[in-house]
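A.B. asks: sequence plus the predicted model coming up.
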Amino acid sequence: WIGAVSDSEGVGTGALERALRADHPNVSWVDVSTVRETVERIASRVLQVLAALTAFVVAGGVLVLLAALLSGRYYRRREAALLRTLGARGRRVRAVFMVEYAALGALAGLAGLLLGAGGGILLLHFGFDLAGTVPWLRLAAVWAGTVVLVVAAGWLTAGPVLRAPPVVVLREAEG
């Protein structure tokens, strides 16, 4: 036989446990609240580790983003020089770059969020047989932050690109 006792009133089950052990010494007693607290403590530690890993992944992603923007600076200089030679003002060229960065940030953020949320839901459903919900509002905020981060990084790297005179840039490209 298996039985369960709930301590919903918070008085404790110690007296009941002692009475049962005295009357029925062969009955095994398992305090499920202790097991639950242990599982919650372990799950809390796992979540802390996952949060730390997430922070490292985000930091790595930011470094990759900056490296990609800086490595593409040569091509951006040439593109900006050609656009300025064709009559575009610096403000227009910067706007073109910012729209491109916003589109890239939006697509990258959307892909990452859909893969992450989808993978998490699939893991919960098929791996752990648990139901999960997606925090869409929080994910939308993360997506918007990704777009802002990419545009800001693009803005910072576009300054030196736009300051170079078109004649100098085009001569360097020929040589």
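C.D. replies: Okay, I see it.

A.B. asks: tell me, which helix in the chain spans the most residues?
C.D. replies: helix 32-71 (DSSP state H).

A.B. asks: show me what that helix is packed against.
C.D. replies: helix 136-163 (3 or more Cβ pairs under 8 Å, 6 or more residues apart in numbering; DSSP states H and E). From N, CA and C alone the C-beta is placed, and that goes for glycine too.

A.B. asks: the inter-axis angle of the helix it packs on versus helix 32-71?
C.D. replies: 20 degrees (axes from the mean of the first three to the mean of the last three Cα atoms, to 10 degrees).

A.B. asks: name the residues that touch whichever helix or strand comes after helix 136-163?
C.D. replies: Going down the chain from helix 136-163, the next helix or strand is helix 166-174, by DSSP states H and E. Contacts to helix 166-174, defined as Cβ atoms under 8 Å, 6 or more residues apart in numbering, come from residues 77, 78, 80, 81, 82, 84, 85.

A.B. asks: how does it look with 6 Å?
C.D. replies: Contacts to helix 166-174, defined as Cβ atoms under 6 Å, 6 or more residues apart in numbering, come from residues 77, 78, 81, 84, 85.

A.B. asks: cool, stretch 122-139 as well?
C.D. replies: Residues contacting stretch 122-139 (Cβ under 6 Å, 6+ apart): 113, 117, 121.

A.B. asks: with adjacent residues omitted, what lies nearest to the second one?
C.D. replies: Read it as residue 117. residue 134 (4.9 Å; Cβ to Cβ, 6 or more residues apart in numbering).

A.B. asks: how close does the one you found sit to residue 106?
C.D. replies: For residue 134, the distance to residue 106 (Cβ to Cβ, to the nearest Å) stands at 19 Å.

A.B. asks: what about stretch 149-165, average pLDDT?
C.D. replies: Mean pLDDT, computed over stretch 149-165, is 84.

A.B. asks: what's in contact with it?
C.D. replies: Against stretch 149-165 from outside (Cβ under 6 Å, 6+ apart): 65, 69, 76, 77, 80, 90, 94, 97, 98, 101, 102, 105.

A.B. asks: measure the residue of the chain positioned farthest from its centre to residue 14 for me?
C.D. replies: For the chain, the largest distance from the centre (Cα atoms, centre = their mean) belongs to residue 23, which lies 55.9 Å off. Per Cβ to Cβ, residue 23 is found 15 Å from residue 14.

A.B. asks: any stretches of this structure with poor pLDDT?
C.D. replies: For the chain, the stretches with pLDDT under 70 are 1-3, 5-12, 175.

A.B. asks: still on that earlier bit, quick check: phi and psi at the residue farthest from the centre of the chain.
C.D. replies: Main-chain dihedrals, residue 23, degrees, to the nearest 10: phi -80, psi -30.

A.B. asks: no further questions, thank you.
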